[in-house]
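Engineer: sharing a sequence plus its predicted fold:
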Amino acid sequence: MSSYKELLAQREQLDKQIKEAVQREKADGIAKAKLIIEQYDLSATDLFSRKAGLKGGSGKVAPKYRNPSTGETWTGRGKAPKWIDGRDRNQYLI
């Protein structure tokens, strides 16, 4: 059975190998990403804007309900406004 000091030395060696592997794989990943960016002429906006992802644009949701007397609208998300709370929502659909 290995001694405590031997195990610590092994862990230190493994930590060093892990760090080297991470650096190597990260460099490889960066090189691949740069190649793709150049190949498709991508910009930071293409990569990091919300429009580039699965979610669209500004994140705003179109209103789903309208109060006929005031024109106030509600998306149907979050707490319901007083003018629609507890009422049949079908009559307020836009």
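Structural biologist: Arrived safely. Numbers count the residues shown, from 1 in each chain.
Engineer: quick one, grab the pLDDT at Lys55.
Structural biologist: Lys55 is assigned 53 on the pLDDT scale.
Engineer: one more: Asp46?
Structural biologist: On pLDDT, Asp46 comes in at 83.
Engineer: the protein: strands as residue ranges?
Structural biologist: For the chain, strands defined by DSSP state E occupy the ranges 65-66, 73-74.
Engineer: closest to Pro81 out of those strands?
Structural biologist: Closest to Pro81 of these, according to CB to CB: strand 73-74, at 5.4 Å. From N, CA and C alone the C-beta is placed, and that goes for glycine too.
Engineer: helices and strands around that closest one, which ones?
Structural biologist: Applying 3 or more CB pairs under 8 Å, 6 or more residues apart in numbering; DSSP states H and E, one finds that strand 73-74 contacts strand 65-66.
Engineer: residues in contact with the strand it packs on?
Structural biologist: Residues outside strand 65-66 that contact it (CB atoms under 8 Å, 6 or more residues apart in numbering): Glu72, Thr73, Trp74, Thr75, Gly76, Ile84, Arg89, Tyr92, Leu93, Ile94.
Engineer: could you dump these into CSV and include neighbour count and distance to Asp41?
Structural biologist: Listed next are those as CSV, based on neighbours: other CB atoms under 10 Å; distance: CB to CB, whole Å:
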residue, neighbour count, distance to Asp41
Glu72, 14, 45
Thr73, 15, 41
Trp74, 20, 42
Thr75, 11, 37
Gly76, 15, 40
Ile84, 17, 48
Arg89, 14, 47
Tyr92, 19, 47
Leu93, 9, 44
Ile94, 9, 41
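Engineer: quick one: least confident helix or strand in this structure?
Structural biologist: helix 44-48 (a mean of 84; mean pLDDT, DSSP states H and E).
Engineer: now do that helix: distance to the chain's middle.
Structural biologist: Relative to the chain's own centre, helix 44-48 is displaced by 13 Å; criterion: CA atoms, centre = their mean, to the nearest Å.
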